[in-house]
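>>> Mind folding the following:
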Amino acid sequence: MKQINIESPASDHGMMSREESERILSRLQEVREHKGTYKFTVASSWSSDMRWARNRASMTSDRRTVQIFAFCEIAGGKGSAITNQIDDISLEGVLRSAERQALELADQRPTDIPMGLPPIGKMPKALTWSDRTINRTVEESAQVVQHACSLAEERSFLSAGYIESYGMTLGSLSIDVYDRIGQLYSAMTQAQCSATVRHPQGTASGWAGLARYDLGKVDEAAIAARAVEKCVASLDPVRIEPGRYTVILEPQAVADLVLPMFDSGNSHPAFRRNAENSGKENPYFMSFDHLVMRDVSKIGIRIVDERITISHDPNDPELGILGGPGTGPVTWIDKGVLTGMTYDRAYALKELNEDSMVARRMSFRMEGGSSSIAEMITGTQRGLLVSRFSKLRVVDSRSLLMTGVTRDGLWLIEKGKISKAVRNFRFSESPLFALNNVDQLGIPTPVYQPFTAPEIVPMFPQFGLTQVIVPPLKVNDFSFTSTIDAI
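Coordinates of the predicted model:
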């Protein structure tokens, strides 16, 4: 696929080129008035989406934004400000605002930890840009929506969903207390499609979706057809008793279940001096060591099935991760053993005696096996096939025990065959428990993990693209606690 030059994205989309970003960053650098640490970010974005409901297009939009962020720390005081104006007067004004805030909070104490600098010439060559995504037209989107609605109408179903193309450029300049300068420029795209098809009487529901940085890898017609197929297959569900079942989790259900493992718990503490505030609620820590006054992690201990490896690599051509400080390759779990945890620059300087960090990243790949879902079904005497989960929340941080519900397709398997659709269940289970009861693993597949928080990307690039690649799993003794009436 021909790629456009991400140094100078298409100007008709309103995104900043490297040269434009550097001009703004240079201007901010010139008008500094104090000694301290500074970070300036220039973020520009374009997005185009179309939504539909009840078999009719309901909304389309085309948005362009530019945001300038200024952060500074002066004598221990911190200040920040934001503007969407790029003229020289506005740029100077946003910096003065940040500096005033910092001076008001200053206590003349030297900065303990200098601000981390973006590495120069060390950025991973991540695949995050696709011209196919950025050149999506409204007419193409309308054809996708028309096709999806037609498929649903042929079955007298109702469909709803959305398609979105998104592009963003990110320029950043950091200056620490020693006047060292680091600068980076990144560009990314994201394409996503989600379709839900329901019976008009609310007796069946089907869903399918996918998110990738490259629109050419999102088969929107297949997504619409899959949603219709699942709705047909889930007609007239019957009620069965809750309990522990062997389950076959489709890749989307696996991603839904596993993602909370990487939400916030897998972080090193910097210095925890109080046992009461230790990592006793963290699933990746064993205890608080009163001798050295810090938590003892489970690094080096097997926490899940030995066939499972979970890693993050910006150079993975299927992930498409936005580069930034702390975005190098990392393996969280290697053959079942916990091998990596996130930490910030302060922790690395104090504990590891090195200037580094490992940022929290919600994108990952879980290695799988060779079994297909069909093979898993054939080898199951009695169990359930799960499409996906919804409304998940952690009820016990220590064990990562979660609750949630099944959605958009749940089927009973008997004697190696799908026998009937069943009513949805509420479950109560920990992903750590489930990943220790794996029977079979399938081939890793990209799933729907949408780009949900563009407003925080300028300050935290690691949250940008959240692509997840996971295999289907066959898991024993999965706990369903009650039936629910919702489809």
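>>> Once you drop chain neighbours, what's closest to residue 134?
residue 167 (4.7 Å; C-beta to C-beta, 6 or more residues apart in numbering). C-beta: built from backbone N, CA, C; applies to glycine.
>>> Touching, the one you found and residue 43? I think so.
No - contact status for residue 167 versus residue 43: not in contact, 11.6 Å apart, counting by C-beta atoms under 8 Å.
>>> between the two, who's got more neighbours?
residue 167 (29 against 25; other C-beta atoms under 10 Å).
>>> quick one: strands adjacent to the strand or helix carrying that one?
For residue 167, the element it lies in under DSSP states H and E is strand 158-175. Its sheet considered, strand 158-175 pairs with strand 37-53 (antiparallel), strand 181-198 (antiparallel) by DSSP bridges.
>>> May I have the phi/psi pair for the residue lying closest to residue 381 once chain neighbours are set aside?
Closest residue in space to residue 381, ignoring its immediate chain neighbours: residue 415 at 6.4 Å, by C-beta to C-beta, 6+ apart. Here is the backbone geometry of residue 415 (degrees, to the nearest 10): phi 50, psi 40.
>>> And for residue 381?
Dihedral angles (degrees, to the nearest 10) for residue 381: phi -70, psi -50.
>>> and if you look at residue 440?
Dihedral angles (degrees, to the nearest 10) for residue 440: phi -140, psi 150.
>>> Look up how far residue 255 lies from it.
17 Å (C-beta to C-beta, to the nearest Å).
>>> related to what we said a few turns ago, which residues does the residue nearest to residue 134 form a beta bridge with?
Beta-bridge partners of residue 167, as defined by DSSP bridges: residue 46, residue 189.
>>> Count the neighbours of the closest residue to residue 212 other than its chain neighbours for me.
Once flanking residues are discounted, residue 212 sits nearest to residue 218: 5.3 Å by C-beta to C-beta, 6+ apart. Counted with other C-beta under 10 Å, residues neighbouring residue 218 total 23.
>>> per-residue confidence at residue 218?
You'll see residue 218 listed with a pLDDT of 94.
>>> Same question for residue 159.
97.
>>> count of residues packed around it?
Residue 159 is flanked by 26 other residues according to other C-beta under 10 Å.
>>> can you pull the contacts of it?
Neighbouring residues of residue 159 by C-beta atoms under 8 Å, 6 or more residues apart in numbering: 52, 54-55, 148-149, 151-152, 195-198, 224, 227-228.
>>> and with 7 Å instead?
55, 148, 149, 152, 195, 196, 197 (C-beta atoms under 7 Å, 6 or more residues apart in numbering).
>>> got it, and residue 354?
Taking C-beta under 7 Å, 6+ apart as the test, what residue 354 contacts is residue 348.
>>> Just the strands from the stretch 201-350 of the chain, written as ranges.
Secondary structure of the stretch 201-350 of the chain by DSSP state E, counting those that start in this stretch: the strands cover 205-212, 243-249, 285-289, 294-297, 310-312, 330-334, 337-338.
>>> Low-confidence bits of the stretch 251-400 of the chain, can you list those?
263-281, 287-295, 320-327, 345-347, 355-356, 359-360 (pLDDT under 70).
>>> how does it look with 80?
262-282, 285-297, 314-315, 317, 319-328, 341-362 (pLDDT under 80).
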